[in-house]
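> Got a sequence here, can you model it:
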Amino acid sequence: MNQIVAVHKTFFKFEKRAENKPDELISSTFVDAEPLIDIVSAPLSQIIFGRRGTGKTHALKYCMARVREMGKIAVYLDIRAIGSNGSFYSDADIPEVERGLRLVDDILKALIDELYPLALEKIEEGNDPKQITLRLDDMIDAVGNIKVSGVTTISSESEVHHKGSLEAGGQLDVSPVSLSSRLFGSTKKEKVESGKETETIAGRTVRSIDFAQTQVCLKGLLDILGVDQMWLFLDEWSETPRVIQPYLADLIRKTILPTGKIVVKIGAIEHRSTFVVHRNTGDYIGLELGADIGSDLNLDDFLVFDNNEKKAINFFKELIYKNYLALAGDDAEVSSANELSNILFTEKRAVEEFTRAVEGVPRDALNLVSKVVTRAFGKQAGVDDIRKAALDWYTQDKANTVTNSPILHQVLNHIVDEVIGNRRARAFLFPSGLRHEVIDNLFDFRLLHLLKKNVSSRDEPGKRYDVWKIDYGCYVDMIRTQQAPLGLLPDENDQYVEVPSDDYRSIRRAVLTPNALDAYLEQAQAQ
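Just a heads-up that it's a prediction; the model follows:
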């Protein structure tokens, strides 16, 4: 069989989502964007931020495999698959604290489930089964503690006809040592004959988690099992409704981290996560980023072509090669990433175009390479093949995400017209520190990409901007036309640059203001 054809056929079998890959395939296909894995593998609790497709799950699972190779306990939990039906957590008719408590219960129970095999192993090794059982029972009792308390008073002895009413209310208590939800009610029955004899029944149901007790029980369980260090990987954090995320974060801060034996790694989308809520009393619920847990790692910063061309090209060449080897197995006919690149592409410029097209997203790279080999089947892919395949991928995948939202689609077209059509640029500046739902949604859908944060302007002291780039698929069909962008951004001399600078003399031409975006959004909604 022709070598190019054999390689192309292998690429048709690519699996793009890390959670669907067996553990051994995850290890063999992982590519380190240095110093990524060194940061993730440090025995420090931290949050790994990144959009969907940037490799959070892959990095977490690869790190988990390395930890297990060192003989340590590593537990991976996908929050989407934990405990209760996910619809319970999202049900706005259920009080936030009740949903939060249920999620906390489910996480702790899942953690206990993961420790059972170790407990059985210790018993088989001759450890005291009674002590282990006691510690497990203590931990189970500490989780999801539900009590019924109150006073019941009965002052009538005869059966009478009554008229009645029901009063109900709710209360949330959050203290430094416990989190509880109280649902309380009372029924009052008044005797019709005299109106003097009464029967009152009052009671209160309390679901609570005592953080101090749970912490002591968890540490005691780890001690009896001989665990000196355990790694807990919590993935898909941002799939949990934001209103209940702080309660889960509070559990981690007050129960898991204080044991001194558990390293926590959390995979999350930064702008879809709420880790802390500050209260008027001066304290807070949740995890303070940077103080309680590290938060200095964002995968979106690693692999953007415009920030580091050489690093991005080498990474994606290696990523494609490792996936090829994993699937080809003994039938692999290629011995290096460079050799595979030479088989797939006609020239260096085509490799660069491919790397630019995937916009730093590993999942998009695997999807695009499948499109490329389909379009160029049996021959090497040139720049035109890359562009046509990228347009196919954009049309079939990314464009569909905004088609179902006409307003979002209109705003995207407005940004493209303003930035590319009028300014002839591929990127724009937006004020740092401002969250805008439209920008966040387009970023989620990988239609906008964050290149650089905190760009300053010499003629606007104190003002900071973030550099946002429009997705390659939005303008690939404009290339080689009079509408083609001339560069990434205009500089102070109205010359176009390809690498975003940290400091501009004048950046007014490149700024997209929130007011202008809101005005167009209001106009689109009115139509």
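> Just say helix, strand or coil for the residue nearest to Leu319 when sequence neighbours are not counted.
Among residues not flanking Leu319 along the chain, Val31 sits closest, at 4.7 Å (CB to CB, 6 or more residues apart in numbering). (Glycine included, C-beta is placed from N, CA and C.) Taking DSSP: H, G, I helix; E, B strand; the rest coil as the rule, one finds Val31 in the coil state.
> What is the burial count for Val31?
23 (other CB atoms under 10 Å).
> Touching, it and Ile320? I think so.
No: between Val31 and Ile320 there is no contact under CB atoms under 8 Å: 9.3 Å.
> show me where pLDDT drops low in the stretch 401-527 of the chain?
When residues are selected by pLDDT under 70, those of the stretch 401-527 of the chain lie in 458-459, 491-494, 497-508.
> Please repeat the previous calculation with a cut-off of 50.
Filtered on pLDDT under 50, the stretch 401-527 of the chain yields no residues whatsoever.
> what sits opposite the residue positioned nearest the centre of the chain in the beta ladder?
Nearest to the geometric centre of the chain sits Ala268, at 2.6 Å (CA atoms, centre = their mean). Ala268 has these beta-bridge partners by DSSP bridges: Phe49.
> could you point out where the chain is predicted with low confidence?
Using pLDDT under 50, the flagged stretches of the chain are 146-158, 160, 162, 164-175, 181-195, 201-204.
> Output the longest helix belonging to it.
Identified as the longest helix of the chain according to DSSP state H is helix 96-124.
> coming back round to it: distance of the residue nearest to the centre of the chain from Ala6?
40 Å (CB to CB, to the nearest Å).
> Provide a list of residues in contact with the residue nearest to Leu319.
With contact taken as CB atoms under 8 Å, 6 or more residues apart in numbering, Val31 is in contact with 315, 318-319, 322.
> Kindly recompute the last result at 10 Å.
Residues in contact with Val31 (CB atoms under 10 Å, 6 or more residues apart in numbering) are 37, 55, 58, 62, 303, 314-323, 337, 362.
> Take these and keep only those in helices.
Counting by DSSP H, the part of the contacts of Val31 found in helices is 37, 58, 62, 314-323, 337, 362.
> among those residues, who's most crowded?
Using other CB under 10 Å as the neighbour test, the ones in helices among the contacts of Val31 are led by Phe316, with 27 neighbours.
> Looks like that residue contacts Val351 (just checking).
Yes: between Phe316 and Val351 there is a contact under CB atoms under 10 Å: 8.5 Å.
> Overlap in contacts, these two.
Ser341.
> Remind me what the helix or strand following the longest helix of the chain packs against, helices and strands.
Where DSSP states H and E defines the elements, the next helix or strand beyond helix 96-124 is helix 129-142. Other helices and strands packing on helix 129-142, by 3 or more CB pairs under 10 Å, 6 or more residues apart in numbering; DSSP states H and E, are helix 96-124, helix 211-224.
> domain ranges for this protein?
If you go by automatic domain parsing, the domain ranges for the chain are 34-128+216-301, 145-210, 304-401, 405-526.
> Distance to Asp23 for those - can I get that in CSV?
Converted to CSV, those look like this (distance: least, CB to CB, whole Å):
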stretch, distance to Asp23
domain 34-128+216-301, 6
domain 145-210, 32
domain 304-401, 12
domain 405-526, 27
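> returning to that earlier point: could you check the angle helix 211-224 makes with the longest helix of the chain?
20 degrees (axes from the mean of the first three to the mean of the last three CA atoms, to 10 degrees).
> Next, the angle from helix 96-124 to helix 129-142.
Going by the same axes, to 10 degrees, helix 96-124 makes 180 degrees with helix 129-142.
> Now Leu451, what are its backbone angles?
Note on Leu451: its backbone torsions stand at phi -90, psi -50 [degrees, to the nearest 10].
> wait, it sits on Leu489?
Yes: here Leu451 reaches Leu489: they are 9.3 Å apart, a contact under CB under 10 Å.
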